[in-house]
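1. The sequence and its predicted three-dimensional model are supplied below.
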Amino acid sequence: RYPYRIARRIADVEALVAHLQEHHGLRTPLTLVLHDWGGMIGMGWAHRHPELVARLVLLNTAAFGLPPSKRMPPSLSLARDFRLGALLVRGFNAFAAGATRLAVTRRPLPKAVAEGLVAPYDSWDNRRAVLRFVQDIPLRPGDPGFELLAEVGDALPQFADRPTLICWGDRDFVFDHHFLAVWQAKLPKAEVHRFPDSGHYVLEDAGEEIEDLVREFLPRTETQLEDRTAMARDNPDA
C-alpha cells in the first residue's frame with residue numbers, strides 16, 4: 001500500500017526527475033515553482049540535490065515546521081486529529097470543497113474552476129489521499145516526518161544565493177505572515193511581492209499579476225545563473 005508520507009512524496013519527485021533526465025533529456029538546473037505542500041516536497045528534493053536547483057518561485061507554502069508564533073488552524077486540526085474530521089473529508093469532500101470557497105478572497109471561483117478542483121475527489125476512496133495528506137502534517141517530535149521537516153528547514157539557507165521570487169497572498173488563513181517571515185529569514189535576498197487582498201489560492205486571486213512577475217523574473221535572473229555556472233566551471237573545487 002502507498003504510504004502517503006512526506007518522505008515518499010519526495011522520493012516520488014526524485015524518481016520522476018531522474019526518469020525525465022535519463023529518458024526525455026530534461027535539462028538542469030531547474031527552476032522550482034512551489035505552492036502549499038509542494039514547498040516541503042520540492043525543497044525536500046532540493047535538499048538532496050542542491051546542485052540541480054537554479055531558482056525558486058514560492059507561493060504561500062512552507063518547508064519548515066509550524067512557526068512558534070502560529071497556531072494550527074482549527075479546521076486543519078479537526079481533519080488531522082478527529083474521527084469527525086475524517087468523516088467530513090472522506091464522506092463529504094469537506095476539505096477540497098471548502099477550499100474552493102475559503103482559499104480565494106478577491107472573488108468567488110468561477111463555477112467550472114471550482115468543479116474542476118473537486119472533480120478528482122469524487123468518492124470515499126478517491127479522498128483517501130486528501131485525508132492522509134492532512135494527517136501527515138508533522139507538528140511535534142515523534143510525528144512521522146518531523147525530523148525530515150526540521151532537517152529541510154534548517155538547510156534552507158544553502159539556497160540563499162539562488163534567485164528567489166516570493167508571491168504571497170496575505171489573506172491565507174494557514175500560510176500567513178508568520179510563514180512568510182520565516183522564508184524571509186531563511187532567504188533574506190528573496191524578492192517578495194505581497195497581495196493584501198489575496199488568499200491561499202493566490203494564483204486564482206492574483207494570477208495575472210504573478211504571471212507578469214514570473215515572466216519578468218526568469219529572463220532577468222538568467223544572467224545571474226550564467227555567471228554562477230561559469231564560476232562553478234572555473235572553480236570546480238570551490
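-> That came through fine. Numbering: from 1, shown residues only.
2. So in this protein, which strand runs the longest?
-> The single longest strand within the chain, with elements called by DSSP state E, is strand 53-61.
3. So for the helix or strand that that strand is followed by, what gets flagged as buried?
-> Secondary structure here is assigned by DSSP states H and E; on that basis, the next helix or strand after strand 53-61 toward the C-terminus is helix 74-81. Neighbour counts over helix 74-81 (16 or more other C-beta atoms under 10 Å) mark 75, 76, 78, 79, 80 as buried. Glycine gets a C-beta too; all of them are placed from N, C-alpha and C.
4. Just the pLDDT at residue 204, thanks.
-> Model confidence at residue 204, given as pLDDT, is 98.
5. wait, doesn't it sit right on residue 110?
-> No. Between residue 204 and residue 110 no contact is recorded; they are 9.2 Å apart, counting by C-beta atoms under 8 Å.
6. picking up where we left off before, hmm, who's touching the longest strand of the chain?
-> Contact partners of strand 53-61, identified using C-beta atoms under 8 Å, 6 or more residues apart in numbering, comprise 28-40, 46, 159, 162-169, 172, 175, 179, 183, 187, 190, 200, 202-203, 210, 214, 217-218, 221, 225.
7. Mind giving me the ChimeraX select for these, buried ones only?
-> Of those, the buried ones can be selected in ChimeraX as follows, counting by 16+ other C-beta under 10 Å:
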select :29,30,31,32,33,34,35,36,37,38,39,40,46,159,162,163,164,165,166,167,168,169,172,175,179,183,187,190,200,202,203,210,217,218,221,225
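8. Domain boundaries for the chain, per the record?
-> If you go by automatic domain parsing, the domain ranges for the chain are 1-70+146-238, 73-138.
9. so where do the helices sit in the protein?
-> Listed in chain order, the helices of the chain (DSSP state H) span residues 6-24, 38-48, 74-81, 83-92, 94-102, 111-118, 128-135, 146-154, 177-186, 202-205, 207-220, 222-234.
10. now the second one: mean pLDDT?
-> Okay, so that is helix 38-48. In this model, helix 38-48 has an average pLDDT of 99.
11. Dump that helix to CSV, keeping only the CA atoms.
-> Output for helix 38-48, consisting of C-alpha atoms alone and laid out as CSV, is shown next (Å, rounded to 0.1, in the frame of the first residue of the first chain):
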residue,chain,number,x,y,z
GLY,A,38,4.7,21.4,-2.7
GLY,A,39,7.1,23.6,-0.8
MET,A,40,8.1,20.8,1.6
ILE,A,41,8.1,18.2,-1.2
GLY,A,42,10.1,20.4,-3.6
MET,A,43,12.6,21.7,-1.1
GLY,A,44,12.9,18.2,0.3
TRP,A,45,14.1,17.1,-3.2
ALA,A,46,16.2,20.2,-3.5
HIS,A,47,17.9,19.4,-0.2
ARG,A,48,19.1,16.1,-1.7
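12. list the helices and strands it packs on?
-> In terms of contacts (3 or more C-beta pairs under 8 Å, 6 or more residues apart in numbering; DSSP states H and E), helix 38-48 is packed against helix 6-24, strand 30-36, strand 53-61, helix 146-154.
13. any idea of the pLDDT on the closest residue in space to residue 144 that isn't next to it in sequence?
-> In this structure, residue 144 finds its nearest non-sequential neighbour in residue 5, 5.7 Å apart by C-beta to C-beta, 6 or more residues apart in numbering. Per-residue confidence for residue 5 comes out at a pLDDT of 97.
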